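Trainee: Build me a model from this:
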Amino acid sequence: MGVRGDADIATVAALMGEPARAAVLVALADGRALAASTLAAEAGVAPSTLSGHLARLVEGALVSVEPSGRNRYYRLAGPQVADAVEALARLAPTRPVRSLRAGTHAQAIRRARTCYDHLAGRLGVAVMDALVADSVLRPEPEPQAGPDPVLGAGRARRYLLTDHGRERLGCLGVDLDGSGKRPLVRYCLDWSEQRPHLGGALGARLLERFVDLGWLVRAERRVVRVTDAGQASLRAELGVDVGALG
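Mentor: Residues are numbered from 1 along each chain as shown. A predicted model of the protein is given here:
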């Protein structure tokens with residue numbers, strides 16, 4: 001059995017660092033599968049040019065491909081890729097806004113968006129805060145943990161779903177089955193807010209339930225919009241004031 005060396009970060013960084021490939025990864029960061037033509041438009045390159053980039057992303061295990069008839073659809077290879085994209089977004093400088101359309105999108109994506117398959121942006125952080133305030137989630141120090149990238153040295157935490165939380169979320173119809181390899185509860189550091197939002201299986205199921213209830217609507221390019229019913233229900237059920245999010 002061969003001995004494995006250190007992680008080859010440079011190989012993955014090179015794959016992600018090319019502008020067209022980076023645009024593809026960002027476009028796929030909401031967990032959906034998209035056609036190559038859609039991704040070419042997002043990346044601003046010709047479909048023939050993008051095909052080579054997609055081949056490299058698939059070969060590098062960052063993107064998977066799903067044939068459907070004569071078409072091929074692409075999605076991120078898993079939540080760990082979305083985590084890497086989100087982490088890079090926290091480090092990256094912001095792009096200059098040069099049009100009204102770009103400015104409107106920048107505001108919308110910071111207000112409410114998807115992070116792979118869960119809720120992010122100011123709304124995602126507000127929901128996380130509300131769940132902690134209502135004791136649905138309980139933050140606890142991680143035993144024998146090192147410095148936490150979100151909360152700082154000596155403040156590493158994990159979040160646990162409480163019995164009260166199971167009852168509250170169960171009343172909302174959120175699936176709380178803990179089966180599967182994915183952790184039920186985890187958090188991400190939101191790149192635009194620099195504060196935690198809810199990830200893991202619970203974050204995905206909560207977003208799915210909000211959409212099913214008609215509180216949220218998925219829009220273009222990862223943006224999530226809150227409906228009128230959603231504004232009233234999020235305030236009544238979770239104490240989240242959507243109007244105060246800007």
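
Trainee: hey, let's count contacts and neighbours off CA atoms from now on
Mentor: Will do.

Trainee: And the most centrally placed residue in the chain, how close does it get to Pro93?
Mentor: What sits nearest the mean C-alpha location of the chain, by Cα atoms, centre = their mean, is Cys115, with 1.2 Å. Distance of Cys115 to Pro93, computed by Cα to Cα, to the nearest Å: 18 Å.

Trainee: what's the answer for Ala40, then?
Mentor: 23 Å.

Trainee: between these two, who's got more neighbours?
Mentor: Taking neighbours as other Cα atoms under 10 Å, Ala40 and Pro93 compare with Ala40 leading, 22 against 8.

Trainee: Surely the more buried one and Leu54 touch.
Mentor: No: Ala40 sits out of contact with Leu54 when judged by Cα atoms under 8 Å, with a separation of 9.8 Å.

Trainee: domains in this structure, as residue ranges please.
Mentor: Per automatic domain parsing, the structural domains of the chain span 9-93, 108-245.

Trainee: Out of the ones you listed, which gets the lowest mean score?
Mentor: Across those, domain 108-245 has the smallest mean pLDDT, namely a mean of 88.

Trainee: Now do the end-to-end distance for that one.
Mentor: End-to-end for domain 108-245, by Cα to Cα: 11 Å.

Trainee: can you give me the strands for the protein?
Mentor: Secondary structure of the chain (DSSP state E): strands at 34-35, 63-68, 71-76, 113-115, 118-120, 137-141, 157-161, 186-189, 196-199, 216-218, 224-226.

Trainee: any residues touching the last one, and which ones?
Mentor: Which is strand 224-226. Around strand 224-226, the neighbours that count as contacts under Cα atoms under 8 Å, 6 or more residues apart in numbering are Ala108, Ile109, Ala112, Arg113, Thr114, Trp215, Leu216, Val217, Arg218, Ala219.

Trainee: and stretch 42-56, which residues are buried?
Mentor: Counting neighbours by 16 or more other Cα atoms under 10 Å, one finds that the buried residues in stretch 42-56 are Ala43, Pro47, Leu50, His53, Leu54.

Trainee: cool, and stretch 217-231?
Mentor: Applying a neighbour-count criterion of 16+ other Cα under 10 Å, the buried positions in stretch 217-231 are Val217, Arg221, Arg222, Val223, Val224, Arg225, Val226, Gly230, Gln231.
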